[in-house]
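> the following block contains a protein sequence and its predicted model.
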Amino acid sequence: MNALNRKTNKPGTGKQMKWGLVGLFFLLIAVGAFWNPIFRGLMPDATGFQDPTISSALPGTAVGTIHAADPEVSSEANGKRQSSASPTELRQSQPMHLKRGEPLSPSFMFEKRMEVQSDISKLSNGIPWRTEVVHGDGEIAIDEARSHDSYTATYQLKLRIPRPATRIAEIEKGTPGLRNMLPGFESLFSFGFVSPWHHKLYQHKISHIRSNSSQLGTLLTKSNVYDCNTLLHLRSEKGRKVFFMQANLDATLKGADGDRLANMPAMQVDSIHYDPFTAYHWKKMSSRPNPMIAGWERRIAIGRNELKEPSISAERKLWVEERIAMMQSGISAMKGRSYLISAYDPYIVLPLSILKDVKDPYAPKIGDYALVIHGGRIYPCIVGDKGSDVTIGEASARLAMQLNPDWRDGNKAVQLPVVSYLIFPESRDTDTPVPNYGDWGKKCLKLLDEIGGLGNGVELHRWTDQFPKQDSLKPK
């Protein structure tokens, strides 16, 4: 014990302890100075240290917690969803193109507290439009102003592709009592199958939507996306084919025929949009001119006067010359042929891609006979015109007014796909005669007999001739 005391009380031991305490004191001062923000601002970036931050988080909120926007739950679960992943993990999980500095998606925009405010309205074409404002804590304004992902917008269009109706009960949701009106209809399903045109129709729709996704005003309306409930190829036991369609009913005004309607409204004659042609046409029967010719001739005269102007550009001149040539060709066609008139003739319209298919034995053609069923009534008609490949369920204005007396041009007569169409492929006449509604009804009755006929007490609608009385036709 005494030996130990003598050892610790050697000369110089006290001085060593004193200098050790002084060294420790200076070490603490140096460490404190190093962590001082002013001193650290003078240090080069290569030190590897990062600035300590002043937490601006709300009480009880940890700094660095991410509240990412989830489109599926943002408007249903109070607009918030917390992610348990760390900011580093989120960065590592980003696609490579985002790591290269391209704009981030909203889920990766912020590494601090985020809030989501959402709202749902409708575009003018009926598409529900969900908007979200996602905001959170960022860096100083100078840094955020220079960052290309501090203020961004994203847009996602969602839609579900409907399956075709394949059961009678599903079809009768749109056309109640169809089996009572057509007792043999159900038996056609034994030899039927879904038309490949149902899939192709929606392929055309998706392609159209993709092409126009950046132009919201040109997107298909919701009623045009869901305009087809089913397309079926049906067949009777004896082989009568039926192209069955359940869709909505749209219509437009078009067509002209001087033989049956010598005078038309001036707004149609002088319109640059009114189309005087239909795919169904026949040889003109009289010398009475098509009323649309006068309007087209006036437009040709205007075009020729414009070509005389010295200031006309080469591009404009070429366009006017092409328009004049097109109208001259149209006038020649109107002088030799007559066309259906939408406001007077009952007919339906099918997509061009279906009509021009020469390999599909179920594909209808212009002039084939058809039945339109809606509201407990059956209307005989023909396939009279071609239409767009991205929509289906179109007919003449005469049919539209019959199904919906309040119909006006530019609106749908029947919004939902609840109108049934039975079209009989290979039933058209060898020639294209002048429309005769009585003959159309007789032909449709014969075709109905081949698939089971009409139910008890059911009759076909009888169309009346609504053309104004005119002088007897003068042969050409």
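On my side now, so go ahead.
> so the nearest residue to residue 415 once chain neighbours are set aside, which of the three states?
Take residue 415 and drop its neighbours on the chain: the residue closest to it by CB to CB, 6 or more residues apart in numbering is residue 223, 5.4 Å away. C-beta here means a position set from N, CA and C on the backbone, and glycine is covered the same way. Assigned by DSSP: H, G, I helix; E, B strand; the rest coil, the conformation of residue 223 is helix.
> where does residue 223 sit relative to residue 391, distance-wise?
Separation of residue 223 from residue 391 (CB to CB, to the nearest Å) stands at 9 Å.
> show me which of those two is the more surrounded one.
Neighbour count, other CB atoms under 10 Å: between residue 223 and residue 391, residue 391 has more, with 23 against 18.
> distance of that one from residue 353?
Distance, residue 391 to residue 353, by CB to CB: 12 Å.
> residue 220 now?
16 Å.
> so between the two, which is more surrounded?
residue 220 (20 against 16).
> ok, for residue 165, nearest residue in space, not its chain neighbours?
Using CB to CB, 6+ apart and skipping the chain neighbours, the partner closest in space to residue 165 is residue 230 (3.9 Å).
> typo on my end, residue 437
residue 463 (3.9 Å).
> surely that neighbour touches residue 439?
No: the pair formed by residue 463 and residue 439 falls short of the contact definition of CB atoms under 8 Å, at 10.9 Å.
> which one's more surrounded, the two?
More crowded of residue 463 and residue 439, by other CB under 10 Å: residue 463, with 21 against 14.
> looking at this, that one is in a helix?
No: the assignment for residue 463, made by three-state DSSP, is coil rather than a helix.
> ok, now which ones touch it?
Contacts here follow CB atoms under 8 Å, 6 or more residues apart in numbering; on that basis residue 463 touches 346, 379-380, 437, 440-441.
> and it, what's its pLDDT?
Residue 463 carries a pLDDT value of 97.
> OK, contacts around the residue nearest to residue 415?
Residue 223 makes contact with 126, 248, 412, 415-416, according to CB under 8 Å, 6+ apart.
> ok, now with 10 Å
Contacts for residue 223 were tallied using CB atoms under 10 Å, 6 or more residues apart in numbering; they are 125-126, 248, 250, 391, 393, 412, 414-417.
> now do the SS call for residue 180.
For residue 180, the assignment made with three-state DSSP gives helix.
> neighbours of it, just the number please.
By other CB under 10 Å, 15 other residues sit near residue 180.
> mind checking how far residue 172 is from residue 420?
9 Å.
> what do these two both touch?
Common contacts of residue 172 and residue 420, defined by CB under 10 Å, 6+ apart, comprise residue 178.
> who's more crowded, those two?
Neighbours around residue 172 and residue 420, counted as other CB under 10 Å, are more numerous at residue 420. The numbers are 24 against 15.
> can you pull up the bridge partners for that one?
Here residue 420 sits in beta bridges with residue 246, residue 373, going by DSSP bridges.
> my guess is residue 235 meets residue 242, correct?
Yes: the pair residue 235 / residue 242 is scored as a contact, 6.9 Å apart, by CB atoms under 10 Å.
> any common contacting residues for those two?
Taking CB under 10 Å, 6+ apart as the criterion, residue 235 and residue 242 both touch 188, 191-192, 362, 451.
> report the backbone C-alpha coordinates of stretch 241-254 in CSV.
C-alpha atoms of stretch 241-254 as CSV (Å, rounded to 0.1, in the frame of the first residue of the first chain):
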residue,chain,number,x,y,z
LYS,A,241,-77.6,-16.2,-89.8
VAL,A,242,-78.3,-13.3,-87.6
PHE,A,243,-75.9,-10.5,-86.6
PHE,A,244,-77.2,-9.4,-83.2
MET,A,245,-76.2,-6.2,-81.6
GLN,A,246,-77.3,-4.4,-78.5
ALA,A,247,-76.2,-0.8,-78.3
ASN,A,248,-77.4,2.8,-77.7
LEU,A,249,-78.9,4.9,-80.5
ASP,A,250,-77.3,8.0,-82.0
ALA,A,251,-78.4,9.8,-85.1
THR,A,252,-77.4,12.6,-87.5
LEU,A,253,-79.1,14.5,-90.3
LYS,A,254,-77.8,13.7,-93.8
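> report the mean confidence score over that stretch.
For stretch 241-254, the per-residue pLDDT values average out at 95.
> list the buried residues for it?
Residues of stretch 241-254 classed as buried by neighbour count (16 or more other CB atoms under 10 Å): 241-254.
> from the contacts of residue 463, which is closest to residue 287?
Nearest to residue 287 among the contacts of residue 463 is residue 437, at 25.0 Å by CB to CB.
> in contact with that closest one: list those residues for me.
Applying CB under 10 Å, 6+ apart, we find residue 437 in contact with 345-346, 380-381, 461-465.
> of these, keep whichever come out buried.
Burial by neighbour count, 16+ other CB under 10 Å: within the contacts of residue 437 this picks out 345-346, 380-381, 463.
> could you identify the pair within these that is furthest apart?
It's 345 and 380 that sit farthest apart of the buried ones among the contacts of residue 437, by CB to CB, at 12.1 Å.
> which secondary element of the protein has the worst mean pLDDT?
Within the chain, no helix or strand scores below strand 66-67, which has a mean of 29 by mean pLDDT, DSSP states H and E.
> poorly predicted segments of this protein, please.
Segments of the chain classed as low confidence (criterion: pLDDT under 70) are 1-121, 124, 217, 471-476.
> try it again with 90
1-160, 208-225, 409-411, 430-432, 468-476 (pLDDT under 90).
> where along it do the strands fall?
Here the chain has its strands, by DSSP state E, at 66-67, 82-83, 114-122, 128-136, 193-194, 228-235, 241-252, 281-283, 337-339, 347-351, 369-374, 377-387, 394-396, 414-423.
> who are the neighbours in contact with the spatially most central residue of the chain?
Closest residue to the average C-alpha location of the chain: residue 220 at 3.2 Å, with CA atoms, centre = their mean. By CB under 10 Å, 6+ apart, residue 220 lies in contact with 125-127, 159, 205-206, 208-209, 212, 226-227, 390-391.
> that one and residue 282, how far apart?
Separation of residue 220 from residue 282 (CB to CB): 34 Å.
> returning to that earlier point: give me the common contacts of residue 223 and residue 391.
Each of 248, 250 lies in contact with both residue 223 and residue 391 under the rule CB under 10 Å, 6+ apart.
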